[in-house]
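I'd like to go over a predicted model; first the sequence, then the structure.
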Amino acid sequence: MKTATRLSEWLHVAEREVEQIGDGWQRRRTAVSRKIEKSALKLYAERGIENVTVEEIAAASEISRRTFYRYFDKPSDVIAAAYHRNFVRMVALFRSRPPEEPIIHSFMHVMEHNRFSAREPEIWNLGLRVMRKWPEGWEQAIAQMQPSATDVYRTMFAERLQIQGRDPARAGIVSAALTAIILEVCREAERTGTPLEFKNFEAAIDELFISLGGLKVTSTKRKRRAGSLKTRSAK
């Protein structure tokens, strides 16, 4: 129940952020949350996730310990906060795609155009510093959000399948597979020290399809498919 409630909250917040709406209270709350994240990530990058206390994060953020817990349940939750925002922004972008478009094509479009690094470059770069310097702590923090990420994907895939008149129960398998691929790509970037780019995700998806005896899901094929969909719709 708690996971479902938190997921609903993430979706609600993300919709407000994507549409750039919200009153003064919401904007102040967002500003405080980002300040906590940046302060915590800087400390984590310097000393490691397990070596930083809530009191130290609060002091660096110029807030009280009590205020910290109004935003985060525990220190490690700060690591996944931006990823959660990115995940739920994906829902809005995914829903904007043509309902008849294959799920994998819509998903790859979202992955290509929903650039976390461009939206929040400072938090993105701080997160990369933590990931590369303290990989074990980063891995543990990110692993905790995997069920939530799968829930986000399952929600948007089930909606699409239902619209297409197909069994929404299949969304669980698809969402679990894609979540695992994304996390593995992140781990590979961590191990090799290479930049985390869209082409890495696309190559991993292609490799899955090739391994299963299917075709690549390249940008060219997706554009060609999108064009054929528009032609059929015009008819």
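Alright, I've got the coordinates. Given the structure is predicted, the values throughout are model-derived calculations rather than measurements.

What helix or strand is the residue nearest in space to the middle of the chain located in?
Using CA atoms, centre = their mean, the residue of the chain that lies closest to the mean C-alpha position is Phe87, 3.0 Å off. Assessed by DSSP states H and E, Phe87 sits inside helix 77-95.

What residues of that helix count as buried?
77-94 (16 or more other CB atoms under 10 Å). All C-beta spots, glycine's among them, are computed from the backbone N, C-alpha and C.

doesn't Ala59 make contact with Arg65?
No - under the criterion of CB atoms under 8 Å, Arg65 is not in contact with Ala59, lying 9.1 Å apart.

three-state assignment of Arg70?
Following DSSP: H, G, I helix; E, B strand; the rest coil, we place Arg70 in the helix state.

How about Asn125?
helix.

Check the one 5 residues further on too.
At Val130 the chain is in helix, as set by three-state DSSP.

Could you check how far it is from Phe72?
Distance of Val130 to Phe72, computed by CB to CB, to the nearest Å: 15 Å.

Of those two, give the one with the bigger neighbour count.
Neighbours were counted for Val130 and for Phe72 using other CB atoms under 10 Å; Val130 has more, 23 against 18.

show me the contacts for the more buried one.
Val130 sits next to Leu41, Tyr44, Ala45, Ile49, Ile79, Gly137, Trp138 when contact means CB atoms under 8 Å, 6 or more residues apart in numbering.

Please tell me which one of the residues you listed counts the most neighbours.
Tyr44 (28 neighbours).

ok so, going back, my guess is the residue nearest to the centre of the chain contacts Ala149. True?
Yes - Phe87 lies in contact with Ala149 (CB under 8 Å); the separation is 5.4 Å.

Against which helices or strands is whichever strand or helix holds Met156 packed?
In this structure, Met156 sits in helix 146-163 according to DSSP H and E. Judged by 3 or more CB pairs under 8 Å, 6 or more residues apart in numbering; DSSP states H and E, the packing partners of helix 146-163 are helix 2-18, helix 77-95, helix 103-113, helix 171-192.

highest average neighbour count across these?
The highest mean neighbour count among the helices and strands packed on helix 146-163, using mean count of other CB atoms under 10 Å, belongs to helix 77-95: a mean of 21.

check contacts around Trp138.
Per CB under 8 Å, 6+ apart, neighbours of Trp138: Ile49, Ile79, Val130, Met131, Glu190.
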